[in-house]
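Undergrad: Okay, sequence plus prediction incoming.
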Amino acid sequence: MIEENATRRRGANWRWQEKLAAGYLFIFLLIGLVGPQSGWLPDPNKINLAQANTPPFSFSTILNNEAINWLGTDLLGRDVLANLVTGAQTALLVSVPAMLLATIIGIALGSLAGFWGNTGFQVSLVSLAVSVLVLLAGIYYGFYIQQLSWMHAFQTGSGAILKQFGYLLLIFSTISILGWLMVKVLKRFGLQKKVNLPVDQLILKLIEIIGSVPRLLLVMCLAAFAQPALMNIVLLATLTYWTSIARLVRSELLQIRELPYVQAARAVGLSEKRILFREALPNALPPVIVAVAFGLGSLMSLEATLSFLNIGVPADIASWGRMMKGIQANYQAWWLLFFPALTLCSTILSLQVLAQRMLVKIDPARNN
């Protein structure tokens, strides 16, 4: 009891590293969300060749009544501080939506695979057959017939992609409603025989297929065929990052579903869905927090890498990767590499420290 109380007290106290990480992330979010719209920064795309490659903290421009470039300028005279702040917004716009979508998909598929396995998920033959038909019809009408529209959307930019996805959602919603009505009608004729669907095996095979190609290589290959756009990077990252979350949730639920309290919940007659959402899944989420933090940092690194290779965001959008690429034109301009690299590394490290803190808060026993 004394040891448990001591562990809880240690878990309740914030170490200086955790305070520093939390403070940094708060300032990072504030600057990234508010800074570009505040009006106190110059235009990050404004070209001023007269001030090209100005070092940081150079006050010689005061004599000419020009604005001070606190962190210097690049080859085209663009302000490094403005690009650094706007690049933080770009990193957030890529990493947060992509990680959110990947986490939702990963938790959903990982829960199916880990909790129900290969024998626990039962579905009627009618529902299974209609679901396959709905999926095939959706692929045919949403992708095959619209393949030219999809190619045009990816070459145009984010607005066209969102419009095309809205059209795809409308197609799948319409076909799904028709399929649901068809299942209701067919079940009235007694076609209700159920079979066990091996969801664990199916999802594992899908994870293996996606994981068989290195993530960065897969994203680079897919990005090479699309016009640089924020939406493209978000979609490509979501496609490749959900697998780690799904694998983690599956491994946790494989253990949790055999614990005594889950067996007791089944014994008292609780439904499988209620056991999953009320009992099993909440206890599987703490490790996901760490995975999400690592994923956010990894996505920021991915966006910077793609922008460094000129296959990431459009050229008119500031990016840390494109800033670091500027050093190739002038190896003496150390500030073009130092400031974005320092910001990127500090953000990733702070995310990891804060994720560990959240994990200790949820489960104080992990503090040791």
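TA: Received it, and whenever you're ready, just let me know what you need. Numbers count the residues shown, from 1 in each chain.
Undergrad: Okay, now the unreliable bits of the chain?
TA: Within the chain, the stretches with pLDDT under 70 are 1-12, 59-67, 120, 154-159, 189-192, 224, 362-368.
Undergrad: Which of the helices or strands spans the most centrally placed residue in it?
TA: Residue closest to the average C-alpha location in the chain (Cα atoms, centre = their mean): Met99, at 1.6 Å. Met99 belongs to helix 80-111 when elements are defined using DSSP states H and E.
Undergrad: I'd like the next helix or strand past that helix.
TA: strand 122-124.
Undergrad: returning to what we had before: report the distance from the helix holding Met99 to the chain centre.
TA: Centroid separation for helix 80-111 versus its chain: 5 Å, with Cα atoms, centre = their mean, to the nearest Å.
Undergrad: Go through it and flag the buried ones.
TA: Using 16 or more other Cβ atoms under 10 Å as the test for burial, helix 80-111 gives 80-95, 97-99, 101-103, 105-107, 109-111. To be clear about C-beta, it is placed using only N, CA and C from the backbone, and glycine gets the same treatment.
Undergrad: How about stretch 15-30?
TA: In stretch 15-30, counting by 16+ other Cβ under 10 Å, buried: 18, 20-21, 24-25, 28.
Undergrad: In JSON lines: these, plus distance to Lys163.
TA: Shown next, in JSON lines, are the buried residues of stretch 15-30 (distance: Cβ to Cβ, whole Å):
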{"residue": "Glu18", "distance to Lys163": "44"}
{"residue": "Leu20", "distance to Lys163": "44"}
{"residue": "Ala21", "distance to Lys163": "40"}
{"residue": "Tyr24", "distance to Lys163": "38"}
{"residue": "Leu25", "distance to Lys163": "34"}
{"residue": "Phe28", "distance to Lys163": "32"}
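Undergrad: List the contacts of the residue nearest to the centre of the chain.
TA: By Cβ atoms under 8 Å, 6 or more residues apart in numbering, the contact set of Met99 is 237, 241, 292, 295-296, 299.
Undergrad: Which of those fall within helices?
TA: 237, 241, 292, 295-296, 299 (DSSP state H).
Undergrad: Just flag the most distant two among those residues.
TA: Greatest spacing in the ones in helices among the contacts of Met99, by Cβ to Cβ: Ala237 and Val292 (13.1 Å).
Undergrad: And these two? Which one has more around it.
TA: Ala237 (26 against 22; other Cβ atoms under 10 Å).
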